[in-house]
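**Q** Give the three-dimensional model of this entry:
(one chain, ligands or ions: 3)
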Amino acid sequence: MTHWLAVVLQTPAHSAVAGPLTYQSELPLAAGTLVRVPFGTREVLGVAWDTLAAADLDRAESGIRAVSAVLDGVAPLPVAWRQLVQFAAGYYQRSLGEVALAALPPQLRDLSAAQLARRLKRTPAATHAQPVKNPDLIALSEEQARAIGQIDAHSGPFLLFGATGSGKTEVYLRRVQALLDADDAAQALVMVPEINLTPQLEARFRARFGEAAVVSLHSGMTNPQRLKSWLAAHSGAARVVLGTRMAVFASMPRLRLIVVDEEHDPSYKQQEGARYSARDLAVYRGRLEGAKVLLGSATPSLESWHRSRPAAEGGRYLRLEMLSRIGAGGVLPQVRLVDMSLQPKKTVFSPQLLAAMGERVARGEQSMVLLNRRGYAPVLACGSCDWKSECPHCSAYRVFHKIDRTLRCHHCGFTQPVPRACPGCGNVDIAPIGRGTERLEEHLAELLADLRRPDDTPVRIARIDADSTRLKGALEAQLAQVHAREVDVLVGTQMIAKGHDFRAITLVAALNPDGALFSADFRAPERLFSLLMQAAGRAGRDAAQSAASEMWIQTLHPQHPLFGALRRHDYPAFAAAQLREREQAGLPPFSHAALVRAEARTQEVAQGFLNAASAAASTIEPALPGYAQVTLFPAVPLTIQRIANVERAQMLVQSPSRAALQRFLAAWQAVLHATRQQPAGRGLIRWAVDVDPLAI
Ligand code: ADP
Ligand code: ZN
Ligand code: ZN
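**A** Ligands and ions are numbered 1, 2, ... in the order given. Got it, this is the predicted structure:
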């Protein structure tokens, strides 16, 4: 007997075939079954999404092809997983096939049925790994115990607002433990923002629950490793899945708890393809599967903070507070502001800051200096004509990297040796302007050259940024040096500001954070505040030293309220002020936004396409659903308008109603597709929608 199936597969992003395709099979197949099917001249992976009755079939669908193979060693994907994918595709305006297939490990797509069967034979049978028992756990702090009590008593979602070092991770560990002890098939998903933070957390989870129970999922893994972890999660064998944003799509048949650590972190938002927010999907998924959701941060996103206002005012999350640091001397570092307008021009390190760092070195303590710009200098310029190191392919300067004497574009990658003389006028006097971490490290080495450590050896300076950690294993090795106290002063980008449990750092300095105070990006102050709070959280993590720990900020605007709130470690006051501003300006979370981005060889084409699609939306009769409640703004160039010779433009779509925005976007898709086929779409390279964008 013949059975009919709607199969979801990866179709080209903007092709006409966006929905599931129909295939036939001799055997009945459950929805969620992984299959391989013929598509054009290839054979590809698909997910059987639905079974179809003969009556569902369109008569015109002749020549329906047969499924080529069934991957029957892998259990069908659960219905909740399919619902999550369906929701994500709809909400973020992408095709079902794109989201579904991107949510599966790459090797599943690439292996044939026979290869996969062989791979499965080598993996042990799936039994639920039992976590190791931990009889002697540390005593919880009062705040930790109270938070855990609330998590037990309520259904959530929860926002755990806990200072850095207040013991949030211990709360996660205890909740996972209680869950696994109570139900010997239950699973927990624990998400962290970046791969570079997973090793430490991974070690803590593995130490607590044993190797067998914990698997990781992140992009730093090889494809075979990823497949192995994915299968362990999908079969139920793994009890704890630890991963970055991609892990939100892990198939977990008995998911009961989702933790999103550092929930404010921008890296939870995917920035290409389906631009989903893993934090928001985690909350959706929790509701879908009856899993408790626990978001944690010392500086929550303003969205989550707003959602955790008292229920009487409309809040939907339960806010749990842990305000003090663990340990007797568990105070937060003192914040010191240095008014750089009182320093001679071009001062990089104020004498006060240098002196404070010197004292640390002499005592054998560590300091950390943050500068959010890598390379030696952001621009190289000629002293006698107006030549600057512009990238020929982008509207941006190429960065000078002294270590290999290159000019590198951080947007398109275009790299050339530094010219011997000015390409404009032949002058040999071309000089770096501004500074990045590489130059800072060099400068600091000169300034601190005469200092001695307690054992009378010279001071040791190290740098950690995307350049110093390019090679595999380099970051781990460099972090190990810091932990082993082989480094006195650590220079780096925000990479070092987050999450690391450094024990001997007692001074953190931010050299020039002012740019974010007056940025056009409405989220810049929120990000700066969180970065500085996180960075401050790296200092004084060892209770014995925490009393003397300091966070230094060099600024031209010491009176700025952001720094005032920071000085008092008062996130709630900062958040309240920001939310007032956002409300007045009608910005998220008080409105909902989507961006449509377009790329073409010229701005004219990119903007023309967007404006034409916008005009079409206004003239269509009857009006598109939701249209009355959305505002479409004119198309504008992006801040960096050209990258790799491609011009980029965007259009903002805003609405006070999320539902209206969603209805409009769904209906407008067809208009955008149609506009592309019209003269206004000629020359367009691509377009895409970004729902709930990070920057507007
Ligand atoms: P957070 O995640 O909030 O930054 P952690 O959970 O990493 O904080 O805790 C900070 C430090 O305090 C860690 O070294 C941790 O082992 C320790 N710690 C956490 N809870 C307790 C406790 N109840 N008693 C003693 N030490 C604790
Ligand atoms: Zn010149
Ligand atoms: Zn470039």
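
**Q** Shouldn't residue 89 be within a strand?
**A** No: looking at residue 89 with DSSP: H, G, I helix; E, B strand; the rest coil, it is helix, so not inside a strand.

**Q** and it, how many neighbours does it have?
**A** 21 (other C-beta atoms under 10 Å). (C-beta placed from N, C-alpha, C; glycine too.)

**Q** ditto for the one 3 residues further on
**A** The number of residues packed near residue 92 is 24, by other C-beta under 10 Å.

**Q** Contacts only, for residue 32.
**A** Residues near residue 32 by C-beta atoms under 8 Å, 6 or more residues apart in numbering: 47, 48, 49, 76, 77, 78, 79, 81, 82.

**Q** what about the strands in the stretch 501-650 of the chain?
**A** 505-510, 550-555, 592-600, 631-632, 636-643, 646-655 (DSSP state E, counting those that start in this stretch).

**Q** what about the longest helix in this protein?
**A** Ranked by residue count and defined by DSSP state H, the top helix of the chain is helix 658-677.

**Q** buried sites along that one?
**A** 660, 661, 662, 663, 664, 665, 667, 668, 671, 672, 675, 676 (16 or more other C-beta atoms under 10 Å).

**Q** what does stretch 473-488 give?
**A** 475, 478, 479, 482, 483, 487, 488.

**Q** just stretch 175-185 next, same as before
**A** For stretch 175-185, burial by neighbour count (16+ other C-beta under 10 Å) applies to 175, 176, 177, 179, 180.

**Q** would you turn those into CSV with secondary structure and distance to residue 346?
**A** As requested, the buried residues of stretch 175-185 are exported to CSV (DSSP: H, G, I helix; E, B strand; the rest coil; distance: C-beta to C-beta, whole Å):
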residue, secondary structure, distance to residue 346
175, helix, 51
176, helix, 52
177, helix, 54
179, helix, 56
180, helix, 57
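
**Q** about what we covered before: save the buried residues of stretch 473-488 as JSON lines, and put in secondary structure, pLDDT and distance to ligand 2 too.
**A** Listed next are the buried residues of stretch 473-488 as JSON lines, based on DSSP: H, G, I helix; E, B strand; the rest coil; pLDDT from 0 to 100; distance: C-beta to the ion, whole Å:
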{"residue": "475", "secondary structure": "helix", "pLDDT": "86", "distance to ligand 2": "39"}
{"residue": "478", "secondary structure": "helix", "pLDDT": "91", "distance to ligand 2": "38"}
{"residue": "479", "secondary structure": "helix", "pLDDT": "89", "distance to ligand 2": "42"}
{"residue": "482", "secondary structure": "helix", "pLDDT": "90", "distance to ligand 2": "42"}
{"residue": "483", "secondary structure": "helix", "pLDDT": "90", "distance to ligand 2": "47"}
{"residue": "487", "secondary structure": "coil", "pLDDT": "94", "distance to ligand 2": "40"}
{"residue": "488", "secondary structure": "coil", "pLDDT": "94", "distance to ligand 2": "40"}
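
**Q** The stretch 351-500 of the chain against ligand 1: which residues are in contact?
**A** Taking C-beta under 6 Å from any ligand atom, no part of the stretch 351-500 of the chain reaches ligand 1.

**Q** Can you pull out the low-pLDDT segments for the stretch 351-500 of the chain?
**A** In the predicted model, the stretch 351-500 of the chain carries pLDDT under 70 at residues 499.

**Q** Would you map the strands across it?
**A** 366-370, 379-382, 399-401, 406-408, 415-417, 430-433, 461-464, 489-492.

**Q** Against which helices or strands is the second one packed?
**A** Counting contacts by 3 or more C-beta pairs under 8 Å, 6 or more residues apart in numbering; DSSP states H and E, strand 379-382 is packed against strand 399-401, strand 430-433.

**Q** returning to what we had before: which one, of the strands of the stretch 351-500 of the chain, ends up nearest to ligand 2?
**A** strand 379-382 (3.0 Å; C-beta to the ion).

**Q** does ligand 2 sit close to that closest one?
**A** Yes: contact of strand 379-382 with ligand 2 (C-beta under 5 Å from the ion) involves residue 382.

**Q** Report the distance from that strand to the chain centre.
**A** 33 Å (C-alpha atoms, centre = their mean, to the nearest Å).

**Q** Equivalent analysis for stretch 376-383, please.
**A** On the basis of C-alpha atoms, centre = their mean, stretch 376-383 sits 31 Å off its chain's mean C-alpha point.

**Q** Buried residues, it. List them.
**A** Applying 16+ other C-beta under 10 Å to stretch 376-383 flags 376, 377, 378, 379, 380, 381, 382 as buried.

**Q** and the gap between the closest residue to ligand 1 within the stretch 501-650 of the chain and ligand 2?
**A** At 5.8 Å from ligand 1, residue 501 is the closest residue in the stretch 501-650 of the chain, using C-beta to the nearest ligand atom. Going from residue 501 to ligand 2 by C-beta to the ion, to the nearest Å gives 49 Å.

**Q** isn't that residue right up against residue 201?
**A** No: Residue 501 lies out of contact with residue 201 (C-beta atoms under 8 Å); the separation is 9.6 Å.

**Q** Please say which of these two ends up with more neighbours.
**A** Per other C-beta under 10 Å, whichever of residue 501 and residue 201 has more neighbours is residue 201, with 19 against 15.

**Q** host element of the more buried one?
**A** Taking DSSP states H and E as the criterion, residue 201 maps to helix 198-209.

**Q** for that helix, packing partners?
**A** helix 168-182, strand 214-217, strand 240-243.

**Q** same thing but 6 Å
**A** Helix 198-209 sits against strand 214-217, strand 240-243, with contacts defined as 3 or more C-beta pairs under 6 Å, 6 or more residues apart in numbering; DSSP states H and E.

**Q** Is it in proximity to ligand 1?
**A** No: using C-beta under 6 Å from any ligand atom, we find that helix 198-209 stays clear of ligand 1, coming within 7.9 Å at best.

**Q** I would like the residues contacting that helix, please.
**A** Contact with helix 198-209 is made by 131, 173, 192, 214, 216, 218, 240, 242, as judged by C-beta atoms under 6 Å, 6 or more residues apart in numbering.

**Q** any idea how far residue 133 is from the second one?
**A** Residue 173 sits at a distance of 14 Å from residue 133 (criterion: C-beta to C-beta, to the nearest Å).

**Q** neighbour-wise, which of those two wins?
**A** residue 173 (22 against 9).

**Q** For that one, which residues are in contact?
**A** Residues near residue 173 by C-beta under 6 Å, 6+ apart: residue 208.

**Q** Relative to ligand 3, how far out is it?
**A** 44 Å.

**Q** contact partners of stretch 387-403?
**A** 375-381, 407-412, 414, 422, 424, 432, 438, 640-645.

**Q** for stretch 246-258, same thing?
**A** Residues contacting stretch 246-258 (C-beta under 6 Å, 6+ apart): 77-78, 81, 103, 179, 185-189, 191, 217, 233-234, 236, 241, 278, 281-282, 286, 289, 291-293.

**Q** Name the nearest residue to the residue sitting nearest the centre point of the chain, ignoring sequence neighbours.
**A** Most central in the chain under C-alpha atoms, centre = their mean is residue 267, positioned 1.0 Å from the mean C-alpha point. Distances taken as C-beta to C-beta, 6 or more residues apart in numbering put residue 193 closest to residue 267, at 4.5 Å, once the chain neighbours are dropped.

**Q** re earlier: show only the entries of the contacts of stretch 246-258 found in strands.
**A** Those of these mapping onto strands are 187, 188, 189, 191, 217, 241, 292, 293, per DSSP state E.

**Q** Would you mind listing what in the stretch 1-150 of the chain touches ligand 1?
**A** So the stretch 1-150 of the chain meets ligand 1 at 138, 139, 140, 141, 144 (C-beta under 6 Å from any ligand atom).

**Q** if you set the cut-off to 5 Å instead, what comes out?
**A** Residues of the stretch 1-150 of the chain found near ligand 1 (C-beta under 5 Å from any ligand atom) are 138, 140, 141.

**Q** Could you dump these into CSV with neighbour count, pLDDT and secondary structure added?
**A** Compiled in CSV, these are given as follows (neighbours: other C-beta atoms under 10 Å; pLDDT from 0 to 100; DSSP: H, G, I helix; E, B strand; the rest coil):
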residue, neighbour count, pLDDT, secondary structure
138, 9, 85, coil
140, 16, 92, coil
141, 19, 92, coil
